[in-house]
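Need a 3D model of the sequence below.
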Amino acid sequence: MIPVKVRKLATDEQPPLSLMLTADPSREMIKSYLHRSQIYLAEQEGRVVGVLALLSTRPLTLEIVNIAVDEAYQRQGFGRQLIAFAICRARADGYRTLEIGTGNSSLPQLALYQQCGFRIDSVDKNFFLRHYDQTIVENGIRCADMVRLSYRVDIDR
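Numbers count the residues shown, from 1 in each chain. Next up, the predicted model:
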């Protein structure tokens, strides 16, 4: 696995919206959480290869609201490193739980999150039908439901 440098988005920098749109196809949804989130960039040899947006949603709960790796850099461990960074950040900041949600059709992402220790908590039925105007299809499956997963950061692993 090639190590990646993760840094916080500078105040004078624009977030990589085009990269974020690969994880969340709705500009409106991204705009709704962007200004409230901590944005981190994953860089490889000075190039942004990934993005991570973390949002405190409830007391002691931090959520990954957006995570994306540039297609040219996928399957090289960068997503796994961003998740590990999010877990370390949550632990360092005193959170107990790290959450993430993804579509029922996002099969590689569901596998990755579970491989990283996340457990499925719930399913928000018809989330994507209620909140997204466009139809989303991944892996030949219509994305309708939000699968919610969580990771207990306060438990030594």
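
element containing R7?
strand 5-8 (DSSP states H and E).

Spell out, range by range, the strands that occur in this structure.
5-8, 38-44, 47-58, 61-69, 97-103, 119-124, 137-138, 141-142, 146-152 (DSSP state E).

Highest mean neighbour count out of the ones you listed?
Most buried of the strands of the chain by mean neighbour count (mean count of other C-beta atoms under 10 Å) is strand 61-69; its value is a mean of 23. The C-beta positions use only the backbone N, C-alpha and C, and glycine is treated the same way.

So what are the sheet partners of that strand and their directions?
Taking DSSP bridges as the criterion, strand 61-69 forms sheet pairs with strand 47-58 (antiparallel), strand 97-103 (parallel).

State the distance from R75 to I2.
11 Å (C-beta to C-beta, to the nearest Å).

nope, T22 is what I was after
From T22 to I2 the distance is 20 Å (C-beta to C-beta).

So between the two, which is more surrounded?
Each of T22 and I2 has its neighbours counted (other C-beta atoms under 10 Å); T22 has more, 15 against 11.

show me what contacts the more buried one?
Residues counted as contacts of T22 (C-beta atoms under 8 Å, 6 or more residues apart in numbering) are A68, E71.

Check I83 too.
I64, I67, L112, Y113, C116.

one step back: make JSON lines from the strands paired with strand 61-69 and add mean pLDDT and distance to C143 to it.
What follows is the strands paired with strand 61-69, written out as JSON lines (pLDDT from 0 to 100; distance: least, C-beta to C-beta, whole Å):
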{"stretch": "strand 47-58", "mean pLDDT": "96", "distance to C143": "19"}
{"stretch": "strand 97-103", "mean pLDDT": "97", "distance to C143": "4"}
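
Which residue, other than its chain neighbours, is closest to the spatially most central residue of the chain?
Taking C-alpha atoms, centre = their mean, the centroid of the chain lies closest to I67, which sits 3.0 Å from it. If the residues on either side of it in the chain are set aside, I67 comes closest to L52, at 5.2 Å by C-beta to C-beta, 6 or more residues apart in numbering.

can you check G79 too?
Looking at G79 with C-beta to C-beta, 6+ apart, the closest residue is V69, at 4.9 Å.
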